[in-house]
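Enquirer: return atomic coordinates for the entry below.
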Amino acid sequence: MKTVKLRINDRVIETTEGKTVLEAAKEAGIYIPTLCYHPAVKPFGGCRICIVEIEKMRGFPTSCSTPVAEGMVVRTNTPQLEHLRRGVLELIITEHPYECLTCPANRRCELQEVAGKIGMKEITLPYIEKHLPAYRSDPFFDRDYNLCILCGRCVRVCDEVRGANVIAFTQRSSKTVIGTAFGRPLKESGCQFCGACVDACPTGALEEWARKWEGEGDKKVLTTCPYCGVGCQLNLTVKNGRIIESVPDADNDVNRGQACVKGRFGIAEFVHHPDRLKQPLIKKDGQFVEASWDEALDLIASKLASFKKEEVAVLASARCTNEENYVTQKFTRTVLGSNNVDHCARL
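Expert: All right, here's what the predicted structure looks like:
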């Protein structure tokens, strides 16, 4: 890729051709506020918060959609820019409830962060209440579009990344809202419940049930999803020794910030379910009782040894990794001496 040099504020930045001003600034650690920008989708330029000044360019272009050019001179924090950003943000906030303390996204809200970074101290315009219904009948997460800032991130992720096209901008002008065709519930609109829209939402408009009132976690743990052999990487939020949230990790080449419904919403319930088996069970006197792993493995080995090789068949699971399934078939063929091995790839 061709290298491009440009100046942002007082720094000379070197980046690659094809990147945007915003991407170049992020690489250099220079903060430009954004709300509609999301790295997984195409530039949108809808919120106008990321505007900058560029020499020899008219107006105030959005940094998220303006490609870098050799010799470009960019300013990101002039008094005029700060004034314009506060004006745009004030218009957004006039249609957004102020009760941050009761919002499920409090302290995780990007609108809060941007307001703090650009120095919003007061709102002079009157508040306009939307009076929109909150959708609480869909599985896994609520939709409260009174908290929506119409950034379009959920719509674009659903379209460009997942290819589902379940939600879209509906109606026009001041009545514009995010919704489904004919206002149907998500479960009747082809939704995969992958949670990509929830992860993309910068406010509390889309909020997972299990995470809603848990607050901040104690730590995050990177792990591999156990539901199948793909190897999706998940960041687990842990609080008081319990998993409260499972979010796909964006910084890997396996799932690139995406997950299926099981990985996104099924981890905590599975791990902490009261019926989950945590110890091997063996049958004694007609009843299953807990046993040690050594005791269970010795029992299995003795049982398998009692059969002839033509009497043995082994079924592997699609929920195992490729490596585990390889070991399974190798064990069946070389140890048990049977070629009766199969694999169910149907989830």
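Enquirer: and what about the nearest residue to Lys220 once chain neighbours are set aside, helix, strand or coil?
Expert: Spatial nearest neighbour of Lys220, excluding adjacent residues (Cβ to Cβ, 6 or more residues apart in numbering): Asn235 at 5.1 Å. Where you see a C-beta, it was placed from the backbone N, CA and C, and this is true even at glycine. Assigned by DSSP: H, G, I helix; E, B strand; the rest coil, the conformation of Asn235 is strand.
Enquirer: mind listing what Asn235 touches?
Expert: 220-222, 246-249 (Cβ atoms under 8 Å, 6 or more residues apart in numbering).
Enquirer: any chance of a markdown table for those residues, columns pLDDT, distance to Met57 and secondary structure?
Expert: Below are the contacts of Asn235 laid out as a markdown table (pLDDT from 0 to 100; distance: Cβ to Cβ, whole Å; DSSP: H, G, I helix; E, B strand; the rest coil):
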| residue | pLDDT | distance to Met57 | secondary structure |
| --- | --- | --- | --- |
| Lys220 | 95 | 41 | strand |
| Val221 | 97 | 45 | strand |
| Leu222 | 97 | 42 | strand |
| Ser246 | 95 | 44 | strand |
| Val247 | 96 | 38 | strand |
| Pro248 | 97 | 37 | strand |
| Asp249 | 97 | 37 | coil |
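Enquirer: of the residues you listed, closest to Leu125?
Expert: Nearest to Leu125 out of the contacts of Asn235 is Val247 (Cβ to Cβ; 34.9 Å).
Enquirer: residue contacts, the spatially most central residue of the chain?
Expert: Nearest to the mean C-alpha position of the chain, by Cα atoms, centre = their mean, lies Asp199 at 3.5 Å. When contacts are counted by Cβ under 8 Å, 6+ apart, Asp199 touches 157, 247-248, 257.
Enquirer: and the furthest pair within these?
Expert: Once Cβ to Cβ is applied, the contacts of Asp199 give Val157 and Val247 as the farthest pair, at 13.6 Å.
Enquirer: partner strands of the lowest-mean-pLDDT helix or strand in the chain, with direction?
Expert: Across the helices and strands of the chain, mean pLDDT, DSSP states H and E gives its lowest value to strand 341-344, namely a mean of 85. Using DSSP bridges, the strands paired with strand 341-344 are strand 314-317 (parallel).
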